[in-house]
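Colleague: Mind looking at a prediction? Sequence and model below.
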Amino acid sequence: MKITDSIHYLGVNDYQTDLFESLYHIPNGISYNSYMISDEKTAVFDSVDAKFCDQWLTNIERALGGRKPDYLIIQHMEPDHSAGIARFMEIYPETCVVSSAPSFTMMKQYFGNGYDNQKLIAKEGDTLALGKHTLRFFAAPMVHWPEVIVTYDEYEKVLFSADAFGKFGALGADADGPGALDADAFDAPGALDAGEDWACEARRYYFGIVGKFGVQVQGLLGKLSGLEINTICPLHGPVLSENIPYYIGLYDTWSKYEPETEGVFIAYTSVYGNTKKAALLLAEKLTAAGCPKVAISDLAREDMAECVEDAFRYSKMVLATTTYNGGVFPFMREFLEHLAEKNYQNRTVALMDNGTWNPAAAKAMKALLTNCKNITFAENEVHIRSALNEDNMHQLDALATELSGM
């Protein structure tokens, strides 16, 4: 339960929820992280989802060891991190609640109580002394709600990062049951993830939850750039305590909307299999032409958030779909709407469509990306009329040559 001698982990695991925010599949669960610093004064960071408040309060009681908390620091008011505030304050009514001004407005909305007599508004650059530990607060609006703050512990060089640097996936549990942490859990980054690669689910989390707000993430990274950070304590996922530049570097890349991986992502839909054949054949030709990485997804059958993640990961994307009701097949339309909503940009996009009597998908796909910045469309396109023919083979060859040579 300890991160350092004076910083305790108080969080819980959730294996019950199937869809995070009723939108994102979480087959490996998710953690709701909470922390406590024990010094001359004690400070608890954030709460947990309502289903797990009893467990969270038990964790707090054990960590306090008979002491009373001096501060409850709320960095983010989304209910999976704030649901326990009212119950906490009933048990520890003398605690000072520390948060941003907008957070107290939200507390009033959620709980009917803005804690006017016990609140401390944390503004940009404010500090709070706990003893050896001095906390410094930074505003992080729209990362990913407007009230968010992050907190830097100057003594142990720990960043309490709110939802930034979080990921999907519960933390490793031991025999004591869901939510109980392995005693060796903090020995290395990712040790809590049951073998999961951090970047994979962190990337899906980022582009799903935060991806629209790259400018705001860049603003936060700028504020943090002069700090020495030894440990990052996010509100979801593992505590990060090694190779901190790696995690910050990925956030820098993602929030600039720059490609992370040189390669091609092929996103397709297919009704009777002909468009799928073309997409698979293009993948083979790209690989044979020396493309360093090729990924392919059936938008109708694979997790949409995973597909969005791959669109942002790779430098080039091929969109292949059928004309449907005079426009774009529904899953492709949904996919492109997600990309446009999340500020997809700075990529090369190629188009492949299939139509028997009124082919219109390529034009419609391009229109759905109209507002996306810095999109370069490949010169070569593939236009299938019902089934692949010899002309399509030449079109596929030309497109593979163009994409692999860019």
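Modeller: In hand now; what should we look at?
Colleague: Domain map for the chain?
Modeller: 7-255, 261-405 (automatic domain parsing).
Colleague: Let's test this: mean pLDDT of the longest one, rounded?
Modeller: When the per-residue pLDDT values of domain 7-255 are averaged, the result is 91.
Colleague: Then the shortest one?
Modeller: Per-residue confidence for domain 261-405 averages out to 97 on the pLDDT scale.
Colleague: What's the end-to-end length of that domain?
Modeller: 15 Å (CA to CA, to the nearest Å).
Colleague: Could you list the buried residues of stretch 19-35?
Modeller: F20, Y24, I26, G29, I30, S31, Y32, N33, S34, Y35 (16 or more other CB atoms under 10 Å). Where you see a C-beta, it was placed from the backbone N, CA and C, and this is true even at glycine.
Colleague: Most widely separated two among those?
Modeller: Y24 and Y35 (23.9 Å; CB to CB).
Colleague: and the gap between Y344 and T4?
Modeller: Using CB to CB, to the nearest Å, we find Y344 at a distance of 40 Å from T4.
Colleague: Who are the packing partners of the longest strand along the chain?
Modeller: When the chain is parsed with DSSP state E, its longest strand is strand 314-324. Helices and strands touching strand 314-324, by 3 or more CB pairs under 8 Å, 6 or more residues apart in numbering; DSSP states H and E, are strand 261-268, helix 274-288, helix 330-341, strand 347-354, helix 361-368, helix 390-405.
Colleague: one more time with 6 Å, if that's ok
Modeller: strand 261-268, helix 274-288, strand 347-354, helix 361-368 (3 or more CB pairs under 6 Å, 6 or more residues apart in numbering; DSSP states H and E).
Colleague: Sheet partners, orientation included, of that strand?
Modeller: Strands adjacent to strand 314-324 in the sheet, as given by DSSP bridges, are strand 261-268 (parallel), strand 327-328 (antiparallel), strand 347-354 (parallel).
Colleague: Packed most tightly, which of those would that be?
Modeller: For the strands paired with strand 314-324, average neighbour numbers computed from mean count of other CB atoms under 10 Å are highest in strand 347-354, which has a mean of 24.
Colleague: in the stretch 151-300 of the chain, which spans are helices?
Modeller: Assigned by DSSP state H, counting those that start in this stretch, the stretch 151-300 of the chain shows helices spanning 198-205, 214-224, 244-255, 274-288.
Colleague: picking up where we left off before, what about the strands paired with strand 314-324, which gets the closest to Y314?
Modeller: So among the strands paired with strand 314-324, strand 261-268 is nearest, using CB to CB, at 4.1 Å.
Colleague: that older thread, and the strands paired with strand 314-324 as TSV, adding distance to G11?
Modeller: Converted to TSV, these look like this (distance: least, CB to CB, whole Å):
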stretch	distance to G11
strand 261-268	31
strand 327-328	42
strand 347-354	36
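Colleague: Looking at those strands, which is nearest to E402?
Modeller: If we rank these by CB to CB, the stretch that ends up nearest is strand 347-354, at 7.7 Å.
Colleague: from the chain's centre, how far out does the closest one sit?
Modeller: Distance of strand 347-354 from the chain centroid (CA atoms, centre = their mean, to the nearest Å) equals 26 Å.
Colleague: In CSV, please show the C-alpha coordinates belonging to it.
Modeller: The C-alpha trace of strand 347-354 is given here as CSV (Å, rounded to 0.1, in the frame of the first residue of the first chain):
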residue,chain,number,x,y,z
ARG,A,347,-1.7,12.5,-41.7
THR,A,348,-1.8,11.1,-45.2
VAL,A,349,-5.1,9.5,-46.1
ALA,A,350,-5.9,7.2,-49.1
LEU,A,351,-9.4,6.3,-50.3
MET,A,352,-10.8,3.0,-51.6
ASP,A,353,-14.5,2.6,-52.3
ASN,A,354,-16.9,0.0,-53.8
